[in-house]
Every structure is written in structure tokens, then in C-alpha cells.
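Q: the sequence and its predicted three-dimensional model are supplied below.
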Amino acid sequence: MDPTPQAKPARSESGLLASPITRLETIGIVFGTNIGAGVLGMAYAARKTGYLPLLLCLALTCVICTITMLYLTEVAYRTRGNHQLSGLAQRYLGGLVAWLIFLGVAANSFGALTAYMAGSGSILLDLLGGLGMTKGLGSVLFIVPSVTVLYLGLKVMGAGNKLISLCMVVIILALIAATGLSQGTDLRRLWVGHWQYVVPVFNLAVFVFGAQFLVPELVRGNLATPRRLPRLIAIGMGLTFVMVAAIPASVIALVGDEELSQVATLSWGRALGPWAYYVANIFALLAMLTSYWGLGGCLFTNIFDHFRLGSEQQRLRRVGVLCAVSLPPFGLAYSGVGSFVDALYFAGTFGGVLMGIIPVLLLNAARRQGDDSPAFVCGWYAHRSVQALIMATFVFSGLYAALSWLGVLPASW
């Protein structure tokens, strides 16, 4: 067992309290947040590209996003006070950039939470439709445990992510084993590749691995143990890559490209049989739940920090911010604005472009103007040439998304 560090919580300028979390809780937050709606929509998004382009995009985005997370880790440790991304931007890059970051966090989070509302309602309707379940009621049932954990705070969120992440790994291993034993599995389906659609899939992969928003929360939970956090982030991201690569591979090998649903576990479960149908969709709900906690929690703390709302322990303000986080996605999910994968795609594109640029700018500024000399400093991967390559990659993907939206370049779906 990993003992919780005995660091005395200290009130910061942002009103957010330090709340020590363990190694497994840290890994669980990274993994649980990433294994959300993005992984469920990844197989569907790759139905035009095939698996090989998808695998390349996953590997590339995993490496790039991990590096930018480490940039932000150094920035956060160089800065006094438990600031979130918008607060760090205010400190080093000015008010305009702070607003851009806040809007980026909001766009990324609201896009994802909207997808979770729609996806959870669809799954519960599919599972329990014969018992009077409706899609709207399913979303309501999903939002109750989601918001409850956000209200209870970082420590409870870490414990919940640790437990549920372990359950998800067991479920996925069982489903992959069953897929390998199925007579309908054909590995030749994985060797298809249509590379003209690779950039849109890259943008969705950015959403899956786009956990940069989590870094200030992870630092807030590891203030007393800065040397171990980069390793835990790398482990969490590596575990995410293995699972995110294995899930669409199993689904595509089993059902092919033409039988995929937008929520991949629906197709996966139906193909393996009744037991797998229920197990796969329980996994989907758990994945959405943990990802809701991560992204919803980041939006919650960024609101507190950006608007300087004072102590997060003020119950009335806490409830008000939780309403601002949870109610708009529910309304958007049932307003007819976009589909499940579309919501992920545009959230990943907008937030991804910002997260490919801002961490680089923050790192360079913090090294010039930071408050402290941290115990962790990024190595060779913080070289200016690597920074330029990362920024160029995300800018290009954003331009492609804009041009595909205008109909100039092909979209993936």
C-alpha cells in the first residue's frame, strides 16, 4: 500500500486547498479521465481510416501530450499557490491568455460532459429500455454520482478513480480475451489503412490523451512529493495508450468497420453475446463516470481560480459552481446540437490546439519569472526544437479541422 503523504494542507491564493493523494490515486485520475468517451468513440471514428492510421495517431498524441503535461508539471512546481491553468496563464502570460485558457478549458470540458450526458443516456436506454428507462432519465441517473464526487473533492475523486480504474482494466482484459477466442475475430481487418483521413482522427486522439488540464490538480495532490509525479504521469499515460489501442483493435477485429456504433461497446457487447453486452456497457458507464470526474473537476477548480471565488470550502459557492459545471452539458445533450463523436472532435480540436501551444509558452516564461527552483525540471524534451515541433503539429491539426468544417478538406465522418 502507498501511504498518503503527511503534508499539512495550506490555503492558496486561489482558494483551493492542497489535498494529498497516493500513487495509485494519481495514476487512477490520469487513466480514469483519459479512458472516457474518447476511447468509446475511437473505433467509430476510425471506420474510414482503418486501424493502422489510428494506432499511429494514438502513439504520436500519447508522446506529445505526455511531454506537454511534464512542461506544465514544472510550471506548477515553480509557482507558489495552488493555481489552475487559467491562474498560471494570468501569472505568466497576462489576462488575455488567461481568458483564452479558461475558455479552452470550458470548451473542452463542456464538449466532453455533453458527450457523457448523451452517451450515458443511450447506454442505459439500451440496457434498461424494457423497464421503462428513457434516455433523459438515464442521463439523470448518471449525473447524480458524477456531481456527488465533484462536491466531495480531490481526495474522494482520487480514491474513486483508483477503484473504478482497476475494475475497468479487469473488464477490458476479460473482453479482449473473449474477443481472441471468438470465431468471428479476423485480425486481417486491422491491416486496412486509408491515410487521407488521418488528421481528423489525430484530432480525436488529442482529446483522448489531452489530460494537460489535470496537471495542476495532480500537483495539488502531490505538493510534498514532486519527484515522483512525472513518473506517475508517464505510467498513467502509458497505461492509457495500451488500453486505448487495444479496445478499438478488438472491436474492429471482431465486427469490422461497417457494423460499428458510435459508442463502440454497444457493437462489442452484441457481437460477443449477452454477458459481454452487459459487461461492455457497464465498462462504458464507468469510463464516462471517471472521465466526468476528471474534466468536471478541472472545470470546477478553474472557475474558482479564474474568478477568485475564495475558499472552495464555502458550501453555497461550491454548489453554485457545481450547477454551472453540470447543468449546461445536460441541456446541450438534449438540444440536438451535434452527435456523440462530433462533440468530442470539436472539443479535442479547440482544446488540443491551445494545449499544444500554451504549455510551451508557460514553461519558457516560468523558467524566467518563476517563484521557486523546483525539484523536477524537464530534460531534453524541453529543447526549443522539440517545442517548435509540438506547436507546429497542433497548429496544423487545428487548421485542418477548420478547413474540413468549411468543406475544403475531407472529414473523417
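A: Perfect, I can see it now. This one's a predicted model, so the numbers in the text were calculated from it and none came from an experiment. Residues are numbered from 1 along each chain as shown.

Q: where are the low-confidence patches of the stretch 1-150 of the chain?
A: Along the stretch 1-150 of the chain, the parts satisfying pLDDT under 70 run over 1-14, 37-38, 40.

Q: would you agree L295 is in contact with T114?
A: No: using Cβ atoms under 8 Å, L295 is not in contact with T114; the gap is 10.9 Å. The C-beta positions use only the backbone N, C-alpha and C, and glycine is treated the same way.

Q: who has more neighbours, the two?
A: Set L295 next to T114 and count neighbours by other Cβ atoms under 10 Å: L295 wins out with 28 against 25.

Q: in what helix or strand does that one lie?
A: helix 274-306 (DSSP states H and E).

Q: after that helix, next one along is what?
A: Using DSSP H and E, the next helix or strand after helix 274-306 towards the C-terminus is helix 315-333.

Q: now do the strands in the chain.
A: Here the chain has no strands by DSSP state E.

Q: now do W380 against L70, distance only.
A: Note on W380: its distance to L70, by Cβ to Cβ, to the nearest Å, is 11 Å.

Q: likewise for I164?
A: Separation of I164 from L70 (Cβ to Cβ) stands at 26 Å.

Q: pull out the buried residues from stretch 180-193.
A: 182, 185, 189-190, 193 (16 or more other Cβ atoms under 10 Å).

Q: and it, average pLDDT?
A: In this model, stretch 180-193 has a mean pLDDT of 86.

Q: stretch 328-340 now?
A: Taken as a whole, stretch 328-340 carries a mean pLDDT of 72.

Q: what number of residues lie near the closest residue to W195 other than its chain neighbours?
A: Of all residues not flanking W195 in the chain, P53 sits nearest, at 5.6 Å (Cβ to Cβ, 6 or more residues apart in numbering). P53 is flanked by 22 other residues according to other Cβ under 10 Å.

Q: wait, doesn't P53 sit right on V201?
A: Yes: if you go by Cβ under 8 Å, P53 and V201 touch, sitting 6.3 Å apart.

Q: what do these two both touch?
A: A46 (Cβ atoms under 8 Å, 6 or more residues apart in numbering).

Q: I'd say K162 and F31 touch.
A: No: taking contacts as Cβ under 8 Å, K162 lies outside contact range of F31: 9.2 Å.

Q: dump the residue contacts of the nearest residue to L54 once chain neighbours are set aside.
A: Once flanking residues are discounted, L54 sits nearest to A46: 4.1 Å by Cβ to Cβ, 6+ apart. By Cβ under 8 Å, 6+ apart, the contact set of A46 is 53-54, 201, 248, 252, 257, 412.

Q: could I get stretch 294-306 in PDB with only the CA atoms?
A: Provided in PDB are the C-alpha atoms of stretch 294-306 (Å, rounded to 0.1, in the frame of the first residue of the first chain):
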ATOM      1  CA  GLY A 294     -11.500  14.500 -14.100                       C
ATOM      2  CA  LEU A 295     -12.800  17.000 -16.600                       C
ATOM      3  CA  GLY A 296     -15.600  18.300 -14.500                       C
ATOM      4  CA  GLY A 297     -13.300  18.700 -11.500                       C
ATOM      5  CA  CYS A 298     -10.800  20.600 -13.700                       C
ATOM      6  CA  LEU A 299     -13.600  23.000 -14.900                       C
ATOM      7  CA  PHE A 300     -14.800  23.400 -11.300                       C
ATOM      8  CA  THR A 301     -11.400  24.400  -9.900                       C
ATOM      9  CA  ASN A 302     -10.600  26.600 -12.900                       C
ATOM     10  CA  ILE A 303     -13.800  28.500 -12.200                       C
ATOM     11  CA  PHE A 304     -12.800  29.000  -8.600                       C
ATOM     12  CA  ASP A 305      -9.300  30.100  -9.600                       C
ATOM     13  CA  HIS A 306     -10.200  32.300 -12.600                       C
END
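
Q: now find how far off-centre that stretch is within its chain.
A: In terms of Cα atoms, centre = their mean, to the nearest Å, the centre of stretch 294-306 is found 14 Å from the chain centre.

Q: one more: stretch 120-133?
A: Distance, centroid of stretch 120-133 to centroid of chain: 25 Å (Cα atoms, centre = their mean).

Q: for that stretch, which positions count as buried?
A: Neighbour-count burial for stretch 120-133, counted by 16+ other Cβ under 10 Å, picks out 120-127, 133.

Q: is it possible to export the residues you listed to a markdown table including distance to D371?
A: Output for the buried residues of stretch 120-133, formatted as a markdown table (distance: Cβ to Cβ, whole Å):
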| residue | distance to D371 |
| --- | --- |
| S120 | 42 |
| G121 | 45 |
| S122 | 47 |
| I123 | 46 |
| L124 | 47 |
| L125 | 51 |
| D126 | 51 |
| L127 | 51 |
| M133 | 52 |
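
Q: surely A245 meets L56?
A: No: using Cβ under 8 Å, A245 makes no contact with L56, being 10.4 Å away.

Q: surely S86 meets F304?
A: No: applying Cβ under 8 Å, one finds S86 not in contact with F304, separated by 10.1 Å.

Q: and those two? Which one has more around it.
A: More neighbours surround S86 than the other of S86 and F304, with 27 against 23 (other Cβ under 10 Å).

Q: residues contacting that one?
A: Counting by Cβ under 8 Å, 6+ apart, S86 touches 98-99, 101-102, 105, 302, 305-306.

Q: dump those to TSV, plus neighbour count.
A: Below are these laid out as TSV (neighbours: other Cβ atoms under 10 Å):
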residue	neighbour count
A98	20
W99	14
I101	26
F102	22
V105	25
N302	28
D305	27
H306	23
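
Q: excluding residues flanking it in the chain, which one is nearest the residue nearest the centre of the chain?
A: The centre of the chain sits closest to N34, judged by Cα atoms, centre = their mean, with a distance of 3.9 Å. Among residues not flanking N34 along the chain, T240 sits closest, at 4.2 Å (Cβ to Cβ, 6+ apart).

Q: what's the neighbour count on the one you found?
A: If you count neighbours by other Cβ under 10 Å, T240 ends up with 26.

Q: check contacts around it.
A: By Cβ under 8 Å, 6+ apart, the contact set of T240 is 30-31, 34-35, 62, 208-209.
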